[in-house]
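Chemist: Here's my sequence, what's the structure:
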Amino acid sequence: MRLKEWQKLALIIVAIFALVALLEYAFFKSFEDTAPPIARNSFLELVLGGEIPERTIEDPFRELLEGKQHSLQDIIQSVRKAKRDDKISGILLRTFPLLTNWATVEELRDVLQDFKTSGKAIYAYFETATNLDYYLISLADSIFAAPTGVILVNGLSSSPIFIKGLLKKIGVEADFIAHGQYKSAPEMFTRERSSEPAREVTQALLDDYYQRFLQTIAQDRGMAVSSFKRLVDQGLFYPRQAHQYGLIDSTLYYNDLKQHLKKRLNQRLRFVSLNRYKAIPASKLGITGKKKIAVIFGLGTIVVGSERLFGQDGLITSDGMANSIRQAADDNAIAAIILRIDSPGGSATAADIIWREVVRARKKKPVVVSVGGLAASGGYYISMAADSIVAHPSSLVGSIGVFAGKFSLKGLYQKLGINKEEFYRGRNASFFSEYRPFSPEQRRRLRSYIMDVYRDFVRKAAEGRHKSIEELDRVAQGRVWTGHQALEIGLVDKLGDFATAVSVAKRMAGIPPEEGVKLIFYPKIKSLMQRLLGGSLQAFQGKAFGPMPFLQDMEGPYRGLIRALGFLQAGEPLALCPVIPRIR
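Modeler: A predicted model of the protein is given here:
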């Protein structure tokens, strides 16, 4: 097909803009890479807001439009370096509204609390602080707010959304079968309100999060829990009121705060950005060691897929993660393996393939799981065979259960004036036809199949957790637990952050606690040029394609299911956690 002249011109203009953007990116990056050394009496300036992903990739187009995005690992490693860096005197923490999960904030709190053990100070500043933001900054030695800022610390809520009525209006019928009293993942499509088991789980999660929220902040601010709870019940505060009640220490504009700190601490005080500081190799501070620990990231929805797609678009592919585990297990230079999991699950088949490699790997060296936001359903499936599972108190784990089903679109077709004829050979050839719901016989067969997958899941979980099948089944049933609750029932072994998992892995590998280790990350993040040459659109994607508004309220990893839909096959059993709306 020949292009018209205006189309050729448009392509040339787009190419020129892309080339200019790349050159500009390379130009400024060269300045980053040759940044001058850090001066003494410096403060690390941490500016946090929005979503905080576990890992980021080089994306010049997004950076030009939205600025540099830092991963959780960038932040953690930089704060750990700063703790041991004699040139860093403290941290200035500035927050904008956080859109991440509670477990990520706990990870940040842990690393910042560890930083404070060095005797160095942390000062926090905000213009607007909600529950999640304040939960993070409450650990600071002093909290400053903009004189006309907003502090909204008003308690936690959860608001599930159900779209059965919408589907009915457009002629779509959701037909799903699940096993497990609490396996409520399909309820969003099949019910108009929460079932009693789902309501029970949501209330239990809220209770667990809320008590920890009250106790943690009250302790940080030197208040009685009852006193802080009364403030939470008021909810909205003008900075002057917040100061009066002890929620903040003073009000200042941000640049005035910097000048205030210079006068108070040292006139030669300098502020160094995270972007600049993270470029300093940890080896310069003697943090890394010779022995290696593999860190394999399992982030997103689990699907059957090739190694090439592993880590792309929020996907955990069966071949990709299994091969990474196998490579680390077979590498004699790797002393232990850490699986960093943040996944709501996905394909039960894919999860089982990865599980098998975990079983194989632990015969050669220790395998430790570090749970981020959640390791639920299929995410727990790939974790349960590890030697040890470390989770945050606010991580979501468990949801041991399975479901399968389909949407019947006949009513929608009729509303659109579409008629479909179907011809079959075989009594159940219409099993996964999108034109009709399951027949009674098909429902019986599908339920039997789901039960077989569930029993296999429970049996393997019982083996991995050293429990009887009956014991494990009592805490399975599709129920999701917080890390704090999961510790009590034996689904996890220890509460802690990524550093805790590293410590556990070192101990199990016989590496002395004081000895540094070198972390080897999988999957390898491709450079911009490799992605361009490989034809990946990842470099140009910017934000993920916009999910429907009701999906904005789901936990981030579950929203990634949209990207995985094209990889899920008709009839494939799904090990997905319930749709847990964001607790905020």
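Chemist: partner strands of the longest strand anywhere in the chain, parallel or antiparallel?
Modeler: What stands out as the longest strand in the chain, according to DSSP state E, is strand 334-347. Strand 334-347 pairs in its sheet with strand 292-303 (parallel), strand 367-376 (parallel), strand 574-576 (antiparallel), by DSSP bridges.
Chemist: Looking at these, which is nearest to E441?
Modeler: strand 574-576 (21.7 Å; Cβ to Cβ). Where you see a C-beta, it was placed from the backbone N, CA and C, and this is true even at glycine.
Chemist: what does that closest one contact?
Modeler: The contact list for strand 574-576, computed with Cβ atoms under 8 Å, 6 or more residues apart in numbering, reads 185, 302, 344-348, 351, 376-378, 381, 399, 401-404, 453, 457, 558, 561, 568.
Chemist: Kindly report the same for stretch 463-475.
Modeler: Residues contacting stretch 463-475 (Cβ under 8 Å, 6+ apart): 384-386, 398, 400, 458-459, 461-462, 481, 489-491.
Chemist: swap in stretch 223-238?
Modeler: Against stretch 223-238 from outside (Cβ under 8 Å, 6+ apart): 150-155, 214-215, 217-218, 221, 245-247.
Chemist: re the thing from before, export the strands paired with strand 334-347 as JSON lines, with columns for distance to S138, mean neighbour count and mean pLDDT.
Modeler: Formatted as JSON lines, the strands paired with strand 334-347 follow (distance: least, Cβ to Cβ, whole Å; neighbours: other Cβ atoms under 10 Å; pLDDT from 0 to 100):
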{"stretch": "strand 292-303", "distance to S138": "28", "mean neighbour count": "26", "mean pLDDT": "94"}
{"stretch": "strand 367-376", "distance to S138": "21", "mean neighbour count": "30", "mean pLDDT": "95"}
{"stretch": "strand 574-576", "distance to S138": "34", "mean neighbour count": "30", "mean pLDDT": "72"}
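Chemist: Quick one: closest of the ones you listed to T117.
Modeler: Across the strands paired with strand 334-347, closest to T117 is strand 367-376 (Cβ to Cβ), at 20.9 Å.
Chemist: what about dumping the CA coordinates of the closest one to CSV?
Modeler: Output of strand 367-376 as CSV, limited to C-alpha atoms (Å, rounded to 0.1, in the frame of the first residue of the first chain):
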residue,chain,number,x,y,z
VAL,A,367,14.8,-20.4,48.3
VAL,A,368,13.2,-17.5,50.3
VAL,A,369,10.1,-15.6,49.3
SER,A,370,9.8,-11.8,50.0
VAL,A,371,6.1,-10.8,49.6
GLY,A,372,5.5,-7.2,48.4
GLY,A,373,1.9,-6.1,48.2
LEU,A,374,0.4,-9.5,47.7
ALA,A,375,1.1,-13.1,47.1
ALA,A,376,-2.4,-14.4,46.7
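Chemist: Can you give the distance from the very next helix or strand once past that strand to the centre of its chain?
Modeler: The helix or strand immediately downstream of strand 367-376 is helix 378-381, counting by DSSP states H and E. Distance of helix 378-381 from its chain centroid, counting by Cα atoms, centre = their mean, to the nearest Å, is 14 Å.
Chemist: Now helix 378-381: buried residues?
Modeler: Residues of helix 378-381 classed as buried by neighbour count (16 or more other Cβ atoms under 10 Å): 378-381.
Chemist: pLDDT on whatever helix or strand comes next after it, on average?
Modeler: In the C-terminal direction, the helix or strand that comes right after helix 378-381 (DSSP H and E) is strand 388-391. Mean per-residue pLDDT for strand 388-391: 98.
Chemist: Quick check: neighbours of strand 388-391 in the sheet, parallel or antiparallel?
Modeler: Strand pairing (DSSP bridges) places strand 388-391 next to strand 367-376 (parallel), strand 494-495 (parallel).
Chemist: before we move on, what SS does A39 have?
Modeler: Look at A39: counting by DSSP: H, G, I helix; E, B strand; the rest coil, its state is coil.
Chemist: Please name the nearest non-neighbouring residue to it.
Modeler: Leaving out its chain neighbours, the residue that sits closest to A39 by Cβ to Cβ, 6 or more residues apart in numbering is R270, at 5.1 Å.
Chemist: Against F438, how distant is that neighbour?
Modeler: Going from R270 to F438 by Cβ to Cβ, to the nearest Å gives 67 Å.
Chemist: between these two, which one's more packed in?
Modeler: Shown here are R270 and F438; by other Cβ atoms under 10 Å, F438 has more neighbours (22 against 15).
Chemist: and the nearest residue to that one once chain neighbours are set aside, helix, strand or coil?
Modeler: Nearest non-adjacent residue to F438, counting by Cβ to Cβ, 6+ apart: D175, 5.5 Å away. Of the three states, D175 takes strand under three-state DSSP.
Chemist: Look up the residues forming beta bridges with D175.
Modeler: Applying DSSP bridges to D175 yields these beta-bridge partners: K406.
Chemist: Assess the claim that the residue nearest to A39 and E45 are in contact.
Modeler: No. Contact criterion Cβ atoms under 8 Å: R270 and E45 do not qualify, at 9.7 Å.
Chemist: show me where pLDDT drops low in this structure?
Modeler: Regions of the chain meeting the criterion pLDDT under 70 cover residues 1-12, 14-36, 57-68, 283-288, 525-566, 568-572, 578-582.
Chemist: Secondary structure class of I151, three-state.
Modeler: strand.
Chemist: just to revisit the earlier point, among the buried residues of helix 378-381, which one lies nearest to L261?
Modeler: Checking the buried residues of helix 378-381 against L261 by Cβ to Cβ gives G379 as the nearest, at 42.3 Å.
Chemist: what about the residue nearest to the closest one when sequence neighbours are not counted, how many residues close to it?
Modeler: Closest residue in space to G379, ignoring its immediate chain neighbours: S343 at 3.4 Å, by Cβ to Cβ, 6+ apart. For S343, the neighbour count with other Cβ under 10 Å is 33.
Chemist: if I look at S343, how far off is W102?
Modeler: Plainly put, S343 is 16 Å away from W102 if you go by Cβ to Cβ.
Chemist: again with A124
Modeler: Distance from A124 to W102, by Cβ to Cβ: 18 Å.
Chemist: Check N428 too.
Modeler: Counting by Cβ to Cβ, the gap from N428 to W102 is 45 Å.
Chemist: Comparing these two, which residue is more hemmed in?
Modeler: Using other Cβ under 10 Å, the more surrounded residue of N428 and W102 is W102, with 26 against 12.
Chemist: nearest residue to T104 other than its sequence neighbours?
Modeler: Counting by Cβ to Cβ, 6+ apart, the residue nearest T104 is I52, at 5.5 Å.
Chemist: ok, that neighbour - contacts?
Modeler: Counted by Cβ under 8 Å, 6+ apart, I52 has contacts 70-72, 75, 98, 100, 104, 108.
Chemist: rerun that using 6 Å as the cut-off
Modeler: The neighbours of I52, taking Cβ atoms under 6 Å, 6 or more residues apart in numbering as the test, are 72, 100, 104.
Chemist: right, and out of the residues you listed, which lies closest to F423?
Modeler: Nearest to F423, judged by Cβ to Cβ, of those is T100 at 50.9 Å.
Chemist: Apart from its neighbours in sequence, what residue is nearest that closest one?
Modeler: I52 (4.5 Å).
Chemist: Please report the distance of that neighbour from Q211.
Modeler: From I52 to Q211 the distance is 24 Å (Cβ to Cβ).
Chemist: returning to that earlier point: just how off-centre is the longest strand of the chain within its chain?
Modeler: Counting by Cα atoms, centre = their mean, strand 334-347 comes out at 12 Å from the chain centroid.
Chemist: just to revisit the earlier point, right, so of the strands paired with strand 334-347, which gets closest to A328?
Modeler: strand 292-303 (3.7 Å).
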